[in-house]
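In: based on what follows, work out the 3D shape:
(one chain, ligands or ions: 1)
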Amino acid sequence: MAAEVLIIMGSKSDEPVGKKAAVVLKELGIEYKLTVASAHRTPKYLAKLVEESEAKVFITIAGLAAALPGVVAAHTIKPVIGVPVSGKVNLDSVLSIVQMPPGIPVAAVGLDRGENASLLAAEILAISDEALSQRIQAHRDAQQARVIEDASTYHEGI
Ligand code: RP5
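Out: Sure thing, here's the model as predicted:
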């Protein structure tokens, strides 16, 4: 089966965030591929990768002047989710991803939030996949149960 989600990291140094995204896709039973391609260092290679991909959603992970999500979005009309990677400044990558010009949207998640990128990709795919929708609900239910369990360990007055 072709990968439904293509995760592209701007550099191998983004791998810790890429792995967070991959773990969630795996948990939800979504086929994915994880790779590296840079908007600045490999522009032609990146364009070919995106144009030839059969993925339905792209997750793009980049730091610094994070052009990757925007450039991927310029080469496809499929949904593109951008994950800003933290560094010395932090707002650089956030603003690079959030401040796309009109006409070319990128959905931004929080700094280093690879998991949320995958959950959002899953929610997009679940629009036409009832079984996946149920797996996402189960993921939410488990999360809720963990917080309620945490709450039960606290007592009034602490
Ligand atoms: C960005 O520059 C990458 O996404 C990475 O977050 C950052 C630094 O890249 P390296 O110099 O570590 O390869 O393009």
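
In: before we move on, which element is the nearest residue to P84 once chain neighbours are set aside in?
Out: Nearest residue to P84, sequence neighbours excluded (CB to CB, 6 or more residues apart in numbering): S93, at 3.6 Å. C-beta coordinates here come from the backbone N, C-alpha and C atoms, glycine included. S93 belongs to helix 91-98 when assigned by DSSP states H and E.

In: elements contacting that helix?
Out: strand 57-62, helix 68-74, strand 80-84, strand 107-108 (3 or more CB pairs under 8 Å, 6 or more residues apart in numbering; DSSP states H and E).

In: and of these, who's closest to P101?
Out: helix 68-74 (8.4 Å; CB to CB).

In: before we move on, the earlier item: neighbours of the residue nearest to P84, just the number please.
Out: 28 (other CB atoms under 10 Å).

In: any idea how far it lies from M1?
Out: Separation of S93 from M1 (CB to CB, to the nearest Å) stands at 32 Å.

In: quick one on the thing from earlier: just send the helices and strands packed on helix 91-98 back as a markdown table, with distance to the ligand too.
Out: What follows is these, written out as a markdown table (distance: least, CB to the nearest ligand atom, whole Å):
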| stretch | distance to the ligand |
| --- | --- |
| strand 57-62 | 4 |
| helix 68-74 | 6 |
| strand 80-84 | 9 |
| strand 107-108 | 15 |
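
In: cool, thanks, talk later.
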